[in-house]
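J.: pasting a predicted model and its sequence here:
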Amino acid sequence: MEMALLIKLVIFQIITKNSSGLISFGIQLALFVALLAYQWFLGARLTPQPLLLLALPLIILQISLLGLGFGIVMFSRVEKSFMDTV
């Protein structure tokens, strides 16, 4: 009986983590579409440039590596401060 309860708790956590990510993505997408519609309503004709579409994977890679670098630096700072207190 305890194992069934544990499995239900684990599955519930997995489902809530996945759904919270989807909810966050939905909110961000809705805001993006709203701002895009607002700009279109003001008269701006936004068309994607072919060169930008080709460079988009490289830009995403660069942003990901920048986030990874900041994460590594922050982890090393926090770990050093914890090691100093011990």
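T.: Alright, I've got the coordinates. Numbering: from 1, shown residues only.
J.: looking at the longest helix seen in the chain now, give me its mean pLDDT.
T.: Taking DSSP state H as the criterion, the chain has its longest helix at helix 2-42. Averaged over helix 2-42, pLDDT sits at 81.
J.: following that helix, which helix or strand shows up next?
T.: Where DSSP states H and E defines the elements, the next helix or strand beyond helix 2-42 is helix 50-85.
J.: okay, buried residues for that next one please.
T.: Buried residues in helix 50-85, counted by 16 or more other CB atoms under 10 Å: none are found. Just so you know, the C-beta spots here come from the backbone N, C-alpha and C atoms, and that holds for glycine as well.
J.: sorry, back to before: what helices and strands are in contact with the longest helix of the chain?
T.: Secondary-structure packing of helix 2-42 (3 or more CB pairs under 8 Å, 6 or more residues apart in numbering; DSSP states H and E): no helix or strand packs against it.
J.: work out the gap between it and the centre of the chain.
T.: On the basis of CA atoms, centre = their mean, to the nearest Å, helix 2-42 sits 11 Å off its chain's mean C-alpha point.
J.: go on, stretch 54-65?
T.: How far stretch 54-65 lies from its chain's middle: 14 Å, per CA atoms, centre = their mean.
J.: would you mind writing the CA trace of that stretch as PDB?
T.: The C-alpha trace of stretch 54-65 is given here as PDB (Å, rounded to 0.1, in the frame of the first residue of the first chain):
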ATOM      1  CA  LEU A  54      19.700  30.800 -41.000                       C
ATOM      2  CA  ALA A  55      21.600  32.300 -38.000                       C
ATOM      3  CA  LEU A  56      18.800  31.500 -35.500                       C
ATOM      4  CA  PRO A  57      20.300  28.100 -34.500                       C
ATOM      5  CA  LEU A  58      23.700  29.700 -33.900                       C
ATOM      6  CA  ILE A  59      22.100  32.500 -31.800                       C
ATOM      7  CA  ILE A  60      20.200  30.000 -29.700                       C
ATOM      8  CA  LEU A  61      23.500  28.000 -29.200                       C
ATOM      9  CA  GLN A  62      25.300  31.100 -28.100                       C
ATOM     10  CA  ILE A  63      22.600  32.100 -25.600                       C
ATOM     11  CA  SER A  64      22.600  28.500 -24.200                       C
ATOM     12  CA  LEU A  65      26.400  28.500 -23.800                       C
END
